[in-house]
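J.: pasting the sequence and the predicted coordinates here, then a few questions.
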Amino acid sequence: MIDIIGSLRKAVSSDRKGARSAAPLREDRHKKHNLFEAAATYVSASVEDDQERIDEASGWVSPEALSFGVSELACRAVIALARERDESPQTVARTLLGLPAD
């Protein structure tokens, strides 16, 4: 999971040139969060190197659910990029991870 997040961080930081999100932390700590909301917040916070939001999202669901959500997010992102680039998902995934093309 760390390799994917590192790759996403590099990809986003090159596009955003260090811009930081202005999204505030949720004030409602009692709200029920689903695993996809937790995964989206966790990954975006990881890309932005926002440890406070990483810790917050990590507490919303179990570690197993968060892992599943991050995996699902990665799959959907690779599919979307593959369609956008007109490349295979394997090519996109390998490129994001800095691996040589097959």
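T.: Noted; the coordinates are in hand.
J.: how deep is residue 96 tucked in, by neighbour count?
T.: 19 (other Cβ atoms under 10 Å). Heads up, the C-betas are built off the backbone N, CA and C, glycines and all.
J.: was I right to think it contacts residue 82?
T.: No: here residue 96 does not reach residue 82: they are 10.5 Å apart, not a contact under Cβ atoms under 8 Å.
J.: so what pLDDT did the spatially most central residue of the chain get?
T.: By Cα atoms, centre = their mean, the chain has its centre lying nearest to residue 43, at 3.0 Å. Per-residue pLDDT puts residue 43 at 97.
J.: please apply the same query to residue 60.
T.: pLDDT, read off for residue 60, is 96.
J.: give me the element the residue nearest to the centre of the chain is part of.
T.: Assigned by DSSP states H and E, residue 43 belongs to helix 35-47.
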